[in-house]
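In: fold the stuff below for me.
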Amino acid sequence: MTVPILPLKVKPSHPLRCRRRAPSRQALSLPVAASPDCGFHGRARAPNGGATRAVYLRRIVAVATGLSAVLIAAGVAAQPEPGASSQAGRAEGQPATAASDTTTAAAQRPAAPPQPSSDVTSAPVSEEEMADIEAALRADQAAEPPVPSDAGASAAPGGASPSESAARPAAGGAQSMNPDLSLILDVAGAWFSDEHHLQTGGHDPTRTGFNLQQLELSVASVIDPYFRFDGNLVFSLFGVELEEAYGTTLDLPLRLQMRFGQFLSRFGRLNATHPHTWDFVDQPFALGRVFGSEGNRGLGVELSWLTPLPWYVELLGSVTHAAGASTARSFYGDDDLGVDDAGDLLYVTALKQFHPLDDDWSLFWGVSGAFGPNSTGRGNRTDLFGADVYLKYRPITRQSYTIVSVQSEVIVRRRQVPDDLYQDVGLYAQVFWRFAQRWGAAARYEYGSPVFDIDGTRVGESEYRLDPEWMGERHRLSSNVTFWPTEFSRLRLQESIDMPQWRDDPIEAVFLTAELVAGAHGAHTF
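Out: Below is the predicted model:
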């Protein structure tokens, strides 16, 4: 019997995104090649919309019903005729031999009931029936609503959100009422040669033994065609912290985009990111020294503009509160003097540019500034100037898992105090090499200068110093190796040696960390 097989065609005319959606959010999907920023897999999602899913459902039900009928008919046709050979009851290991065995088995078996003729079931599908089936499929396809070429893609100026959480929904098209959720667990075993270490990051391991770096709950959802919501809650052994909760506009004119709520500022490159995107276990001390253990963030508003130049150029500015011991220590810090006028707020501005050097090399660089009041007295200001660069090699013209990236930031701080001006510099430079699909290695150098006054003289003891013991230069070297069992888990071994000049001995540290990601997992920003 010949059973016609009808191909079910699904046209993935929507854009491809390297994402893992929660099962309740998945539509009909087809496996595709991995996107450049995902080392493991990619997925193409069918367009959203109840009408499209209904068409697919009717099509699947129709084909399944037809196949069931054909299989049932084929099973009936396959029933043995009276007198046919039966191997039932044959002892295991006995060879099947001559036709006499068949005759004996048939004689011992009771007479089988007459079977229906197989002439009907084995008849091939006629040309008229085939034409009817093809016409029905064409009618279903014609009933499908048209899908725009940019369905599911974000039309928001400026590209992806600056603070990339683990979950990121598509910015256009229909949206489920359920938000994308993910949980990210980071734990570490640590050893320090000196318990009076100088770690500055809020998510750094801080003691010899076991450390819970964070348990982060990320929530993301497209609210409607005009707004997207993103939030991050961080759980620790000491409580729950609201790290970010902000809305983003999706449909402003003139290539503009706005964020409002509490968010990490886009000063430099690393400040706006979360620990699960870092190439190292701990935060560079240059950021902790000027902003605090949590990086710079606050309640406020940000406006960005994607310029119409031939290459990627983005201008942005934000205004937030200037208080917070762990988020704005160079400004008001934990001594909030309040807001009397616009000068008592913290302003961050940045220019960011991206250049594709060729198919395999790309360059991203930017300059940033942060300006606000400090707690040494009304009218005293703090100014931060930063520059960052990120160079990446990822061969896409040939099959390879190799990734090489070089990243660096430098921050200059000028802080007014009564009758003087304090200045210092901090920087880091790091290189990352992914030498296999699941393996990578990285190395980093960090530097911090002592504090100088307006005449260039090193500042000694002073009541206005933020780091009283920082009386000289500080250098730190770190290296690590990372293993990814899958895209959703990571193991990392890191060793560092910290060399502050005001200490007699260097501080050594060893970290072994594990990270697990559960739930929706979005692609990270470049």
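
In: name all residues that make contact with N480.
Out: Shown in contact with N480 (CB atoms under 8 Å, 6 or more residues apart in numbering): 279-281, 441-442, 492-495. Every residue, glycine included, has its C-beta placed from N, CA and C.

In: look up the closest residue to it, ignoring the ones flanking it.
Out: Counting by CB to CB, 6 or more residues apart in numbering, N480 lies nearest to Q494, which is 3.7 Å off, once chain neighbours are set aside.

In: can you classify the one you found as helix, strand or coil?
Out: Assigned with DSSP: H, G, I helix; E, B strand; the rest coil, Q494 falls in the strand class.

In: and it, what's its pLDDT?
Out: At Q494, the pLDDT value in this model is 98.

In: next one: the one 10 residues further on
Out: At D504, the predicted lDDT confidence score is 92.

In: and D334, by the same measure?
Out: On pLDDT, D334 comes in at 89.

In: separation between the nearest residue to it once chain neighbours are set aside and P275?
Out: Leaving aside its sequence neighbours, D334 sits nearest to A325 (CB to CB, 6+ apart; 3.5 Å). A325 sits 20 Å away from P275, taking CB to CB, to the nearest Å as the criterion.

In: L299 now?
Out: From L299 across to P275, the span is 22 Å (CB to CB).

In: where in the stretch 251-400 of the chain is pLDDT low?
Out: Nowhere does the stretch 251-400 of the chain drop to pLDDT under 70.

In: with the stretch 401-526 of the chain instead?
Out: For the stretch 401-526 of the chain, the ranges with pLDDT under 70 are 522-524, 526.

In: how near is M499 to D341?
Out: 44 Å.

In: now do F385
Out: Using CB to CB, we find F385 at a distance of 24 Å from D341.

In: quick one on the thing from earlier: and the gap between the residue nearest to D334 and T206?
Out: On the measure of CB to CB, A325 and T206 end up 16 Å apart.

In: more neighbours: which of the two?
Out: Neighbour comparison, A325 and T206: the larger count goes to T206, with 18 against 14 (by other CB atoms under 10 Å).

In: the residue nearest to D334 contacts G333, correct?
Out: Yes: judged on CB atoms under 8 Å, A325 makes contact with G333 at a distance of 5.1 Å.

In: export the contacts of N480 to CSV and tack on distance to A514 and neighbour count?
Out: Formatted as CSV, the contacts of N480 follow (distance: CB to CB, whole Å; neighbours: other CB atoms under 10 Å):
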residue, distance to A514, neighbour count
D279, 16, 21
F280, 15, 24
V281, 11, 27
A441, 18, 14
A442, 17, 21
R492, 8, 22
L493, 11, 15
Q494, 12, 23
E495, 17, 14
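
In: D186: which of those is nearest?
Out: Nearest to D186 among the contacts of N480: V281, at 8.7 Å, using CB to CB.

In: quick one: secondary structure of the closest one?
Out: Following three-state DSSP, the label given to V281 is coil.

In: quick one: contacts for it?
Out: By CB under 8 Å, 6+ apart, the contact list for V281 reads 188, 204-205, 213, 480, 492, 494, 511, 513.

In: next one: phi and psi at it?
Out: Backbone torsions of V281, given as degrees, to the nearest 10, read phi -70, psi -40.

In: and it, how far is that from R444?
Out: From V281 to R444 the distance is 11 Å (CB to CB).

In: with neighbour numbers in mind, choose between M499 and D341.
Out: Taking neighbours as other CB under 10 Å, M499 and D341 compare with M499 leading, 13 against 6.

In: and the helices in the chain?
Out: Taking DSSP state H, the helices of the chain run over residues 50-77, 99-108, 127-143, 285-290.

In: mean pLDDT lowest for which of these?
Out: Among the helices of the chain, helix 99-108 scores lowest, at a mean of 40.

In: wait, isn't Q416 in contact with P373?
Out: No: at 9.3 Å, Q416 and P373 do not qualify as touching, with contact defined as CB under 8 Å.

In: look at the two and report which has more neighbours.
Out: P373 (24 against 19).

In: shouldn't that one be in contact with S330?
Out: No: P373 lies out of contact with S330 (CB under 8 Å); the separation is 10.4 Å.

In: shared neighbours of the two, anything?
Out: Common contacts of P373 and S330 (CB under 8 Å, 6+ apart): T382.

In: quickly list what's touching both of A325 and G333.
Out: Contacts common to A325 and G333, judged by CB under 8 Å, 6+ apart, are G292.

In: any idea how far the residue nearest to N480 lies from P506?
Out: Applying CB to CB, the value for Q494 to P506 is 16 Å.

In: cool, and Q214?
Out: 28 Å.

In: got it, and V459?
Out: Distance from V459 to P506, by CB to CB: 24 Å.

In: which one's more surrounded, these two?
Out: A count of neighbours by other CB under 10 Å puts V459 above the other of V459 and P506, at 18 against 15.

In: list the contacts for the closest residue to the more buried one other than its chain neighbours?
Out: Nearest residue to V459 in three dimensions, chain neighbours excluded: V451, at 4.4 Å (CB to CB, 6+ apart). Listed by CB under 8 Å, 6+ apart, the contact set of V451 reads 422-424, 458-459, 465, 467, 470.

In: in PyMOL, select just the buried ones from these.
Out: Those of those that count as buried under 16 or more other CB atoms under 10 Å are selected in PyMOL with:
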select buried, resi 422+423+424+459+465+470
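
In: could the contacts of V451 go into JSON lines alongside distance to T248?
Out: Shown next, in JSON lines, are those (distance: CB to CB, whole Å):
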{"residue": "Y422", "distance to T248": "37"}
{"residue": "Q423", "distance to T248": "36"}
{"residue": "D424", "distance to T248": "34"}
{"residue": "R458", "distance to T248": "45"}
{"residue": "V459", "distance to T248": "42"}
{"residue": "R465", "distance to T248": "39"}
{"residue": "D467", "distance to T248": "36"}
{"residue": "W470", "distance to T248": "38"}
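
In: from the contacts of V281, which is closest to R378?
Out: Among the contacts of V281, D204 lies closest to R378 (CB to CB), at 34.4 Å.

In: please tell me how far the closest one sits from S330.
Out: On the measure of CB to CB, D204 and S330 end up 19 Å apart.

In: repeat for R414
Out: Going from R414 to S330 by CB to CB gives 10 Å.

In: what's the answer for D360, then?
Out: D360 is 39 Å from S330, where distance means CB to CB.

In: repeat that for G295.
Out: With distances taken as CB to CB, G295 is found 12 Å from S330.
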